[in-house]
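Chemist: Show me the folded form of this:
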Amino acid sequence: MARPGEWAVREKPREKLSRYGPAYLSNEELMQILLGNGVKGCSVVQLSRQVLAYLEENVKCFRDDSPAFLDALVSIRGMGSAKASLVAASLELSSRFLDGKRTVRDTGDVIPLISSLANKKQEYFISITLNGGNRLISKRVVTIGLLDQALVHPREVFAEAIRERAAKVIVAHNHPAGDNAPSKEDIKVTENLAQAASILGIEFLDHIIITETGYFSFREEGFL
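Modeler: Down below sits the predicted model:
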């Protein structure tokens, strides 16, 4: 029989990582391992929550404006330049070693990349760029709008795709209200993006709408 306190020790993030692997841990637990400790008046648990909250809303800045991204992380009480650099470095390494090797063959391969959007309270519109071999190049937030309002211009989607020399693009967004059926605006945005992609010589593979209860694929439903 375990002695008092033994369960708590075994269930610390590092021990859980060792026993079950990183996929078993929550985002907060993974961040706690990364940060190591907090500061007086701000535990590592509290600090991890603050950092994750910032990342969820501002991860676009990681690519678009790295200095601003780092400055904002440093400004979080308890972070400092060392912890902020560690977070930024881990994001870049995961992008290079994991996302960069992912092959996207169909909608099923896209869903894990966008599943975190399903429970967002605002509408996030993201783009996913691929090379000619369907290898993932990048995933980035294009816009964050109000509920059910995401105004997306083709230049916002394809500017990065052109810079990255991407061959293919997939876009996706969430419907916070829960209905994954496309709106008139969604259909119009899809048509505009498909036309722009054709002009640019970039293959527009799909537009996916995701909610907590499922998804809608323009490609699978015959719109593309």
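Chemist: just the strands in this structure please.
Modeler: Using DSSP state E, the strands of the chain run over residues 123-130, 136-145, 168-174, 203-211, 214-217.
Chemist: which one of those strands has the most crowded surroundings?
Modeler: strand 168-174 (a mean of 24; mean count of other Cβ atoms under 10 Å). The C-beta positions use only the backbone N, C-alpha and C, and glycine is treated the same way.
Chemist: my read: residue 186 touches residue 208, true?
Modeler: No: using Cβ atoms under 8 Å, residue 186 is not in contact with residue 208; the gap is 10.6 Å.
Chemist: which stretches of the chain aren't confidently modelled?
Modeler: Across the chain, the ranges flagged by pLDDT under 70 are 1-10, 60, 63-64, 95-101, 146-151.
Chemist: if you set the cut-off to 50 instead, what comes out?
Modeler: For the chain, applying pLDDT under 50 flags the ranges 1-9, 147-150.
Chemist: Show me how it divides into domains.
Modeler: 6-97, 103-217 (automatic domain parsing).
Chemist: most tightly surrounded among those domains?
Modeler: domain 103-217 (a mean of 17).
Chemist: mind checking how far that one is from the chain centre?
Modeler: How far domain 103-217 lies from its chain's middle: 12 Å, per Cα atoms, centre = their mean, to the nearest Å.
Chemist: coming back round to it: for the domains of the chain, could you give me a markdown table that also reports distance to residue 223?
Modeler: Converted to a markdown table, the domains of the chain look like this (distance: least, Cβ to Cβ, whole Å):
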| stretch | distance to residue 223 |
| --- | --- |
| domain 6-97 | 27 |
| domain 103-217 | 6 |
